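[1] Here is a sequence together with a model predicted from it:
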Amino acid sequence: MKKVEKISDLSKEELLELNNIYAKNWLAHDGLWFQAIEEKYGMEAAIELDIKAWEKFTVIEAKRIMDFLGLEKNSGVAGLKRALAFRLYASLNEDEIIVESEKVLIYRVKTCRVQYAREVKGLPYFPCKPVGLVEYGLFAKTIDEGFETEAVSCHPDITNPNYNCIWKFTLG
């Protein structure tokens, strides 16, 4: 049992642990909400509503990360690289961020808690490409309005089985 009364009493290590707990809780809620919609109305309706939520949430998340990091608007590949590393689930998935050039960034997710949770529950993989195009596309455009986002490999269109998804961000 921890002998603390409030969050500000926690050590750095405890704060990092709590951050992971908060991220897992958020992701669990997101997944349970999605599965409730999927069960009642079907996958198509769940994806449609998920997209509507991500259209707003991803912009809020990006702006808050930009404020926290002091990132300027239109901070390019360097800004997107920094911001991606601070997303709410950054500590939950195993990912890689590769800067191919000053105009191109590749983001690869090797382990995905969402897909893993569905697999454990015996559910089919979530066809996240349409949601991901909105989520990652608007996140990147919030960081820099010049970004175009492409799904290189993403459920249901996996072209590289070593990753759950691969996204390419190109500055136009």
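    Cool, got the structure.

[2] Which strands or helices does the strand or helix carrying Y107 pack on?
    Using DSSP states H and E, Y107 falls within strand 104-111. Strand 104-111 is packed against helix 76-84, strand 94-101, strand 165-171, with contacts defined by 3 or more CB pairs under 8 Å, 6 or more residues apart in numbering; DSSP states H and E. For the C-beta atoms, the positions are set from N, CA and C on the backbone; glycine is no exception.

[3] can those go into TSV with extra columns for distance to N25?
    Below are these laid out as TSV (distance: least, CB to CB, whole Å):
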stretch	distance to N25
helix 76-84	21
strand 94-101	20
strand 165-171	23
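
[4] so can I have TSV of those showing mean pLDDT, distance to Y116 and mean neighbour count?
    Shown next, in TSV, are the helices and strands packed on strand 104-111 (pLDDT from 0 to 100; distance: least, CB to CB, whole Å; neighbours: other CB atoms under 10 Å):
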stretch	mean pLDDT	distance to Y116	mean neighbour count
helix 76-84	98	20	20
strand 94-101	96	11	13
strand 165-171	97	13	21
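
[5] between those, which one is nearest to V134?
    Closest to V134 of those is strand 165-171 (CB to CB; 12.1 Å).

[6] I'd like the distance from that closest one to the chain centre, please.
    Chain-centre distance of strand 165-171: 13 Å, with CA atoms, centre = their mean, to the nearest Å.
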